[in-house]
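Novice: Fold the stuff below for me.
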Amino acid sequence: MKKLILLIISILIIQAATFSQCLPYGITFSTQAEIDNFQTNNPGCVEIIGDVTIEGNDITNLNGLNVLTSFGGDLLIEDKSALIDLSGLSNVNSIGGNLLIIDNDALSSLSALSNLTYIGESLKVIANDTLISLSGLEGLDSIPLDLDITNNGTLSNFSGLENITSVGRGFRVNINNNLTNFTGLENLETIGGNFAIEVNHSLNNLTGLTNLTSIGGYFWITNNSSLINLTGLDNLTYLGDEFEIYLNNGLTSLTGLEGITYIGSYFYIYENASLISLSGLDNLTSTGETLEIIGNQALTSLTGLESLANIESYLIIANNASLTSLTGLENLSSIGSAVYVSNNDALINFSGLDNLISIGEKLSIRKNEMLTSLSGLDNINATSISDLYIYENPSLSTCEVKSVCDYLAAPNGVVEIYDNLTGCNSQSEVETACESASVPKNNFKSTISIFPNPTKKKAFYFT
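Specialist: Take a look at the predicted model:
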């Protein structure tokens with residue numbers, strides 16, 4: 001008898017568990033009536049196995065879903081002009097796939113999600129015009145894949161994400177016009193993939209990211225016009241891939257990056273109109289690829305890079321209208337591929353590069369309006385130069401530094417020297433100046449080529 005009773009109880013438990021799960025292929029709710037009739041049409045169901053989509057502009061509440069505790073797949077809530085909050089989902093504790101809250105014109109609160117403790121894939125909150133807070137998501141401690149907060153016009157910070165410690169893949173913060181800081185993310189420590197902070201025009205600091213130590217992929221800080229410095233990133237020590245600081249027109253310094261000693265790939269500092277100092281990079285010792293400093297019109301020197309000793313690929317310094325010297329690069333000794341210095345209208349000489357001894361390939365100096373001398377390049381080992389380009393520097397008359405003279409004594413590649421001031425207006429003029437300076441030369445010869453413009457490729461992927 002006892003065995004029979006136990007068998008019956010086991011069967012009932014199995015049946016109860018089976019009945020509690022439903023809809024393995026998911027369901028789409030398009031009307032309020034479908035929400036209201038859910039429990040009638042699916043008696044005993046508290047766990048939907050498949051993906052759930054809630055859409056339809058007549059849906060005003062989700063109260064008919066108040067028995068649900070979990071979703072096995074994705075939960076997509078989108079395109080509902082009348083839905084103000086998510087009341088009805090207050091018993092949900094688990095979402096096996098993605099939580100996608102997209103394009104909800106009237107949604108102002110996520111507080112009904114306060115019992116949610118697990119998301120299996122990504123959290124994406126996109127284009128919710130009246131959402132003022134992420135409060136309600138405090139139960140989450142990690143995002144396994146992507147965190148995407150994009151185009152939420154009234155969101156001012158990240159309150160609600162206080163317990164997030166990691167994002168497994170990418171984190172994108174894009175076009176949130178009222179976002180002023182990162183308050184709410186104080187416990188975020190690691191981002192496994194890419195981190196993009198783009199087009200947030202009220203963002204004035206990165207406060208809230210103070211415990212972030214590691215970014216595994218790309219890090220882009222792009223077109224945030226009110227951002228003054230990078231304070232808030234003070235504990236960031238690891239960048240696994242490309243770092244781009246681009247078109248942040250209020251940025252005056254890079255303060256906040258003091259913890260970074262190495263950048264795994266390219267480092268681009270582009271077109272930040274108010275950037276007057278690279279202060280903040282004081283502990284950067286090397287880059288895995290190219291360092292490009294281009295189009296920063298207020299930058300007068302490279303002070304802040306005093307610890308930089310090695311660049312594994314290119315050094316490109318171009319179109320910095322106020323740059324008068326390369327002060328700040330005094331400890332740079334090695335560049336793996338090439339040096340390109342062009343269109344820096346105020347640059348006078350190369351003071352600051354005095355300890356550079358090896359460049360790997362090309363030395364290219366062109367279109368620097370006020371450049372008068374190559375002083376500062378004296379100590380480059382001529383055998384590390386493959387091709388030499390010096391042209392269209394209208395004030396340049398002194399080219400007979402030791403590295404150039406030694407190279408011209410035994411050139412092993414292309415030499416192009418023209419359209420500079422007398423004394424440095426051709427290869428023969430420089431050779432004569434080198435001889436007059438009593439620097440030994442031999443085997444002078446010239447070749448012709450087209451100047452190779454370096455290019456960069458980049459990609460940012462979110463799925």
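
Novice: Let me see the ranges of the helices in the stretch 301-450 of the chain.
Specialist: 402-409, 427-436 (DSSP state H, counting those that start in this stretch).

Novice: averaged over its residues, what pLDDT does the shortest one have?
Specialist: In other words, helix 402-409. Per-residue pLDDT over helix 402-409 has a mean of 97.

Novice: How far does it sit from its chain's centre?
Specialist: 40 Å (C-alpha atoms, centre = their mean, to the nearest Å).

Novice: hang on, the earlier thing: can you tell me which of the helices of the stretch 301-450 of the chain comes nearest to Ser81?
Specialist: Closest approach to Ser81 among those is made by helix 402-409 (68.0 Å; C-beta to C-beta). To be clear about C-beta, it is placed using only N, CA and C from the backbone, and glycine gets the same treatment.

Novice: So for the closest one, what gets flagged as buried?
Specialist: Of all the residues in helix 402-409, those buried under the rule 16 or more other C-beta atoms under 10 Å are Lys402, Ser403, Val404, Cys405, Asp406, Tyr407, Leu408, Ala409.

Novice: May I have the distance across stretch 313-328, first residue to last?
Specialist: Stretch 313-328 stretches 19 Å from its first residue to its last (C-alpha to C-alpha, to the nearest Å).

Novice: brain fart, stretch 347-367
Specialist: Stretch 347-367 has an end-to-end distance of 10 Å (C-alpha to C-alpha).

Novice: what pLDDT does Ser20 get?
Specialist: Among the per-residue scores, Ser20 holds a pLDDT of 87.

Novice: Would you quantify the distance from the closest residue to it other than its chain neighbours to Leu76?
Specialist: Once flanking residues are discounted, Ser20 sits nearest to Val46: 4.9 Å by C-beta to C-beta, 6 or more residues apart in numbering. As judged by C-beta to C-beta, to the nearest Å, Val46 and Leu76 stand 20 Å apart.

Novice: sorry, back to before: can you tell me which of the buried residues of helix 402-409 is closest to Leu236?
Specialist: Ser403 (36.6 Å).

Novice: my guess is that closest one meets Gly376, correct?
Specialist: No - counting by C-beta atoms under 8 Å, Ser403 stays clear of Gly376, with 10.0 Å between them.

Novice: before we move on, back to that, tabulate the helices of the stretch 301-450 of the chain in JSON lines, adding columns for distance to Phe171.
Specialist: Putting the helices of the stretch 301-450 of the chain into JSON lines (distance: least, C-beta to C-beta, whole Å) gives the following:
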{"stretch": "helix 402-409", "distance to Phe171": "45"}
{"stretch": "helix 427-436", "distance to Phe171": "52"}
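
Novice: Which one, of these, ends up nearest to Asn283?
Specialist: The nearest among the helices of the stretch 301-450 of the chain, by C-beta to C-beta, is helix 402-409 at 28.9 Å.

Novice: Just want the angle from the closest one to helix 427-436.
Specialist: 120 degrees (axes from the mean of the first three to the mean of the last three C-alpha atoms, to 10 degrees).

Novice: helices or strands up against helix 402-409?
Specialist: Here helix 402-409 touches strand 388-391, helix 427-436, going by 3 or more C-beta pairs under 8 Å, 6 or more residues apart in numbering; DSSP states H and E.

Novice: count of residues packed around the residue nearest to Ser20?
Specialist: Burial measure for Val46: 16 neighbouring residues, criterion other C-beta atoms under 10 Å.

Novice: ok, now how distant is it from Thr28?
Specialist: Using C-beta to C-beta, we find Val46 at a distance of 19 Å from Thr28.

Novice: just Leu388 next, same as before
Specialist: Counting by C-beta to C-beta, the gap from Leu388 to Thr28 is 66 Å.

Novice: burial measure for Asp241, as a count.
Specialist: Using other C-beta under 10 Å, Asp241 has 18 other residues around it.

Novice: which residues touch it?
Specialist: Asn194, Gly216, Gly217, Tyr218, Phe219, Gly264, Ser265 (C-beta atoms under 8 Å, 6 or more residues apart in numbering).

Novice: just to revisit the earlier point, export the helices and strands packed on helix 402-409 to JSON lines and tack on distance to Ser364 and mean neighbour count?
Specialist: Output for the helices and strands packed on helix 402-409, formatted as JSON lines (distance: least, C-beta to C-beta, whole Å; neighbours: other C-beta atoms under 10 Å):
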{"stretch": "strand 388-391", "distance to Ser364": "4", "mean neighbour count": "22"}
{"stretch": "helix 427-436", "distance to Ser364": "15", "mean neighbour count": "18"}
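
Novice: Go through those and name the closest to Asp58.
Specialist: For those, the distance to Asp58 is smallest for strand 388-391, at 67.5 Å, taking C-beta to C-beta.

Novice: Give the partner strands of the closest one in its sheet and their orientations.
Specialist: Next to strand 388-391 in the sheet, as set by DSSP bridges, lie strand 363-366 (parallel), strand 415-418 (parallel).

Novice: right, so the ones you listed: which one is the most enclosed?
Specialist: Most buried of the strands paired with strand 388-391, by mean neighbour count (mean count of other C-beta atoms under 10 Å): strand 363-366, with a mean of 23.

Novice: So which residues make contact with that one?
Specialist: Contacts for strand 363-366 (C-beta under 8 Å, 6+ apart): 338-343, 371, 374, 377, 380, 385, 387-393, 396, 403, 451.

Novice: ok, now stretch 378-386?
Specialist: For stretch 378-386, the surrounding residues in contact (C-beta under 8 Å, 6+ apart) are 354-363, 401-404, 406-407, 409-410, 412-414.

Novice: Would you pull up how far that stretch lies from the middle of the chain?
Specialist: Put simply, stretch 378-386 sits 34 Å off its chain's centre (C-alpha atoms, centre = their mean).

Novice: now the end-to-end length of that stretch.
Specialist: With C-alpha to C-alpha as the measure, stretch 378-386 spans 16 Å from end to end.

Novice: In it, which residues are buried?
Specialist: Asp378, Ile380, Ala382, Ser384, Ile385, Ser386.

Novice: Check what pLDDT Asp79 gets.
Specialist: 83.

Novice: That one is in contact with Glu55, isn't it?
Specialist: Yes - judged on C-beta under 8 Å, Asp79 makes contact with Glu55 at a distance of 5.0 Å.

Novice: Now do Leu76 against Trp220, distance only.
Specialist: Counting by C-beta to C-beta - Leu76 and Trp220 are separated by 27 Å.

Novice: Same question for Leu116.
Specialist: 29 Å.

Novice: now do Leu363
Specialist: Counting by C-beta to C-beta - Leu363 and Trp220 are separated by 30 Å.

Novice: Same question for Tyr389.
Specialist: In this view, Tyr389 and Trp220 are 31 Å apart by C-beta to C-beta.

Novice: Kindly report the same for Thr183.
Specialist: In this view, Thr183 and Trp220 are 21 Å apart by C-beta to C-beta.

Novice: Which one's more surrounded, those two?
Specialist: Neighbour count, other C-beta under 10 Å: between Thr183 and Trp220, Trp220 has more, with 21 against 17.

Novice: Quick one: name whatever helix or strand follows the helix or strand harbouring the more buried one.
Specialist: Using DSSP states H and E, Trp220 sits within strand 219-222. Using DSSP H and E, the next helix or strand after strand 219-222 towards the C-terminus is strand 238-239.
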